[in-house]
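Enquirer: sequence plus predicted model, see below.
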Amino acid sequence: MKKIFSRRDFVKGIASVGGLVAVSKLPALADDGAAFFPSRGKWERLVLAYNQIEIGATKPFSILHISDTHLTQAYPHENTQSLKLKELRTKTFGGRQEEALRDSIKWAKENVDFLLHTGDLIDWQSEANFDLVKKYFGSETFGAVGNHEYSRSISPTGVKYNEDYKNGMRDKVAAAFPFDIAFDSKVVNGVNFVSLDDVFGYVTENQVERFHAEVKKGLPIILCMHVPFYTQKIWNASRKFWSAVGKKYSTLKDRPWECSGDIQLKDKVTSDFIAYLKNEKLLRGILAGHAHITIQDRFSPSAIEYVVGGNFHFHGQEIIFT
Ligand SMILES: [Fe+2]
């Protein structure tokens, strides 16, 4: 039997079980918007894209979807590597990531029903970064973790990115993010938001089983995760952006790029799952990040995949559900 949540129920519900960040539960923040564009509207440093999904919600609502904030903090007492990363990676991501997150949260409180984050909230595992996760999302967040939530350092060599790699690091991530980081779901106004950890490109048999249990609820599903599922258009755009900097477009043939997209095509559990999803009519949309570019492509007859660019750029997308 379908369980229908009103917004009031939803806001009340997440206080006890964790869920999408209800805007009424987001922290109250000081207005520091005057630092940029002081003579313009206070939210105009946010760069927002808009999309609408006609999904048959019991009540229309909208969310702010952000991803890839890449917080880069470390306390003075943390190890040398963390302190070096703080210096290096703060430059990489511009040094205003926390402001971007605060702007997003403030904007969400006034303009949408809830906030969704799909991973790489932090850039690597530091005490200060995990404390920021707890500070901004408290016990009421929903979304997905990213590959950087499992980073001890940036680009380590000789590492096999698999479930074993996560062991030993998983507990810290699980402690900071109150939802089930492997797989979770939350129903809002008749829409089932299902999140899973696909940070190294693959999914596990256990996640597939749990997804099938969600399908049995019979509700339309929005899949939330970090790494987009492969489509040719999203793949081409990522290759163009990441491996062709400084080159105008002519062809992608000479620009191979080994990454998680390849794993999705080669790993049987994952490729079977994606093939199944292409025919699952209850799947009505996919929300992802990771690529740091904003792009959409049709994933299946019933679902479009929406990839949102980096929140460290003050970027996000509002998705309207009707
Ligand atoms: Fe990222």
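Expert: In hand now; what should we look at?

Enquirer: dump the residue contacts of the most centrally placed residue in the chain.
Expert: Closest to where the C-alpha atoms of the chain average out (CA atoms, centre = their mean) is Thr118, at 0.9 Å. Counting by CB atoms under 8 Å, 6 or more residues apart in numbering, Thr118 touches 65-67, 143-144, 146, 195, 224-226, 287-290, 308. Where you see a C-beta, it was placed from the backbone N, CA and C, and this is true even at glycine.

Enquirer: of these, buried ones?
Expert: Buried by 16 or more other CB atoms under 10 Å: 65-67, 143-144, 146, 195, 224-226, 287-290, 308, out of these.

Enquirer: quick check: what element follows the host helix or strand of Lys134 along the chain?
Expert: Using DSSP states H and E, Lys134 sits within helix 127-137. Next along the chain after helix 127-137, taking DSSP H and E as the criterion, comes helix 163-166.

Enquirer: now the helix or strand just after that following helix: average pLDDT?
Expert: With elements assigned by DSSP H and E, the helix or strand that comes after helix 163-166 is helix 170-176. Helix 170-176 shows a mean pLDDT of 93.

Enquirer: buried ones in helix 170-176, by neighbour count?
Expert: Within helix 170-176, the residues scored as buried using 16+ other CB under 10 Å are Arg170, Val173, Ala176.

Enquirer: list just the nearest of the residues you listed to Gln81.
Expert: Closest approach between the buried residues of helix 170-176 and Gln81, by CB to CB: Val173, at 18.2 Å.

Enquirer: I figured Ile320 hits Ile53, correct?
Expert: Yes. The pair Ile320 / Ile53 is scored as a contact, 7.3 Å apart, by CB atoms under 8 Å.

Enquirer: compare the two and say which is more crowded by neighbours.
Expert: Ile53 (20 against 16; other CB atoms under 10 Å).

Enquirer: show the model's pLDDT score for the more buried one.
Expert: On the pLDDT scale, Ile53 gets 98.

Enquirer: what bridges to it?
Expert: Residues in a beta bridge with Ile53, per DSSP bridges, are Phe321.

Enquirer: got the contact list for stretch 198-218?
Expert: By CB under 8 Å, 6+ apart, stretch 198-218 touches 2, 119, 144-147, 149-150, 161-163, 165, 182-183, 185, 187, 192, 194, 196-197, 221, 225-227, 259-264, 267, 269-270, 272-273, 280, 282.

Enquirer: PyMOL command to pick out the buried ones of those?
Expert: Here is the PyMOL command that selects the buried residues among the contacts of stretch 198-218 (16+ other CB under 10 Å):
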select buried, resi 119+144+145+146+147+149+150+161+182+183+185+187+192+194+196+197+221+225+226+227+259+260+261+263+264+267+270+273+280+282
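
Enquirer: narrow the contacts of stretch 198-218 to those in helices?
Expert: Glu163, Tyr165, Ser260, Gly261, Asp262, Ile263, Gln264, Val269, Thr270, Asp272, Phe273 (DSSP state H).

Enquirer: distance of the fifth one from His292?
Expert: For Asp262, the distance to His292 under the criterion CB to CB, to the nearest Å works out to 18 Å.

Enquirer: got it, and the last one?
Expert: Computed with CB to CB, the distance linking Phe273 and His292 is 25 Å.

Enquirer: one more: the second one?
Expert: Distance, Tyr165 to His292, using CB to CB: 22 Å.

Enquirer: lowest mean pLDDT among the helices and strands of the protein, which one is it?
Expert: Every helix and strand of the chain was ranked by mean pLDDT, DSSP states H and E. The lowest is helix 7-17, at a mean of 34.

Enquirer: in the stretch 101-250 of the chain, which residue sits closest to the ion?
Expert: Closest contact between the stretch 101-250 of the chain and the ion, by CB to the ion, is at Asp120 (3.5 Å).

Enquirer: which residues sit in contact with Asn129?
Expert: By CB under 8 Å, 6+ apart, the contact list for Asn129 reads Leu71, Thr72, Gln73, Ala74, Ile122, Asp123.
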